Each structure stands twice: as C-alpha cells, then as structure tokens.
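# A predicted structure for the sequence below; I have some questions about it.
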Amino acid sequence: QKEVEQDPGPLSVPEGAIVSLNCTYSNSAFQYFMWYRQYSRKGPELLMYTYSSGNKEDGRFTAQVDKSSKYISLFIRDSQPSDSATYLCAMSRAGGTSYGKLTFGQGTILTVHP
Amino acid sequence: DVKVTQSSRYLVKRTGEKVFLECVQDMDHENMFWYRQDPGLGLRLIYFSYDVKMKEKGDIPEGYSVSREKKERFSLILESASTNQTSMYLCASSPPQTDTQYFGPGTRLTVL
C-alpha cells in the first residue's frame, strides 16, 4: 500500500465549475501538506502549503486538511482553462530532520474546457 | 526568482550507455533532489543531497548514482542505462529547514 494515494483521474470539467482534488495518507507522522501544480512539459511548482488541520484559502484555491481522517483536499472555485494541469499532493514529516524530503501522490490530471 | 536548470530537455540513449543528467540551481540551496516521474506512479525519489559531497538514497536508488562536488550542481548518473529507466527525470532544490522544493523543467530520457 502506498503511503499517499491520489486518484490519477483524468478529471474533465467545464469552465466555472468547482473542482475537488483529494489525497489520503496512511502515515500519521506526516505533519506538513502541500499541493504542487505541474503544467505540461514543466516541472511542478508549489501552489499551497498547510500545516494544521482546517482550511487555508488563497484566491480561488482552498486547501483543506483533516488529520483525524488522514485526508487532504484542494478546491478550485470558478475553474479556468488555465487551471488545466496535473495536481500533485505532497507531504513531509518535519522539515528540520527530514532534509525537506517529500512523499508525493500520483498526481491528478485536470482539464478545464471552455 | 529561484532557477533550477537541467542540462537537456530530451535525451535518447542506447541500452548499456553511461548517462549523465546535470542539474544546477542558482539560489545557494543546501538540499537537492532527483526524482523520476512515471504515469500512474507520480514522483519517486531516487537520491537526495543535503550538502556538498553528501548523498542519501531515496526510495528507488537501484541503477543510479549521484555526484555533488559543488553546492549548486547535482548530477544523476545511470551507469548502464536500461529500457526500464526510460522516464521523465526531475531535479529539485530547497533551502534547509523547509519543505518547499523548486523544480527544474525535467529531462525526458528514452533508452532504446
């Protein structure tokens, strides 16, 4: 069983839809949670970073963490064609002792069509 | 802006060849990482380095080695390339005490 599970999709939605992307994890040692976005033929870039359970909002993006259920989500409101990308969840135990090592999900391919 | 560059975007090699993939970062980051990315498997860590001449195995180090002679440069070496090493290879760097990684554009390696 993988430490981090993410539905690879692909997910196709119309412009303006609310998108929900999810990851589950099995290791309760994970304390930090991230979402990376990867456009085609590019490297991933950090989109959202959270530590505690709860919600964190940044513009049209909301990251949600539920440590009791070992479940994280990324919501995209009013999705745009420019949001079409692969979204990867990532987790780490603790930055200081793990040298910044991350464990990634498989990535979800999202297409937002006009 | 942080910039991570990789020596090639596309590379085609033959089975048994020795392959060098180079990565350079310009932000004086201590930590550097090599991943491979395959459909359905996500990013898997091959090796990482937290200082010059220091290296640690990741989750899938078999068939690979690394070299870090200078802080800004981290090289991935395939001693004898095999077809199952056909993949997208991504390099990343990060400052100490942080989880934010900055990625290069990737090298798509095909081994024939």
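Structure received.

# For the rest of this, base every contact and every neighbour count on C-alpha atoms.
Noted.

# Chain neighbours aside, what residue packs nearest to the residue nearest the centre of chain B?
Among the residues of chain B, the one closest to the centroid is residue B:34, at 2.9 Å (CA atoms, centre = their mean). In this structure, residue B:34 finds its nearest non-sequential neighbour in residue B:91, 4.7 Å apart by CA to CA, 6 or more residues apart in numbering or on different chains.

# Just want the residue of chain A that's nearest chain B.
Distance from chain B to each residue of chain A (CA to the nearest CA) is smallest for residue A:106, at 3.7 Å.

# pLDDT score assigned to that residue?
Residue A:106 is assigned a predicted lDDT (pLDDT) of 93.

# Verify the contact between it and residue A:3 for me.
No. Between residue A:106 and residue A:3 there is no contact under CA atoms under 8 Å: 10.8 Å.

# more neighbours, those two?
Taking neighbours as other CA atoms under 10 Å in any protein chain shown, residue A:106 and residue A:3 compare with residue A:106 leading, 27 against 14.

# circling back: in contact with the residue nearest to residue B:34, which residues are there?
B:4, B:6, B:23, B:32-35, B:103-104, B:106 (CA atoms under 8 Å, 6 or more residues apart in numbering or on different chains).

# returning to what we had before: where does the residue nearest to the centre of chain B sit: helix, strand or coil?
Here residue B:34 is recorded as strand under DSSP: H, G, I helix; E, B strand; the rest coil.

# Please tell me I have it right and residue A:32 contacts residue A:93.
Yes. Contact criterion CA under 8 Å: residue A:32 and residue A:93 qualify, at 6.5 Å.

# circling back to that earlier point, leaving out chain neighbours, which residue sits closest to the residue of chain A closest to chain B?
Using CA to CA, 6+ apart and skipping residues adjacent in sequence, the residue nearest residue A:106 is residue B:42, 3.7 Å away.

# before we move on, the earlier item: quick check: bridge partners of the residue nearest to the centre of chain B?
On the basis of DSSP bridges, residue B:34 is bridged to residue B:47, residue B:91.

# With residue A:90 instead?
Per DSSP bridges, the residues bridged to residue A:90 are residue A:34, residue A:104.

# as a whole number, average confidence for the helix or strand harbouring residue A:48?
Using DSSP states H and E, residue A:48 falls within strand A:45-50. When pLDDT is averaged along strand A:45-50, the result is 92.

# okay, it in PDB with CA atoms only?
The C-alpha coordinates for strand A:45-50 follow below in PDB (Å, rounded to 0.1, in the frame of the first residue of the first chain):
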ATOM      1  CA  GLU A  45       5.600  24.400  -8.700                       C
ATOM      2  CA  LEU A  46       4.300  24.900  -5.200                       C
ATOM      3  CA  LEU A  47       0.700  26.000  -5.000                       C
ATOM      4  CA  MET A  48      -0.400  25.700  -1.400                       C
ATOM      5  CA  TYR A  49       1.300  24.800   1.900                       C
ATOM      6  CA  THR A  50      -0.500  23.900   5.100                       C
END
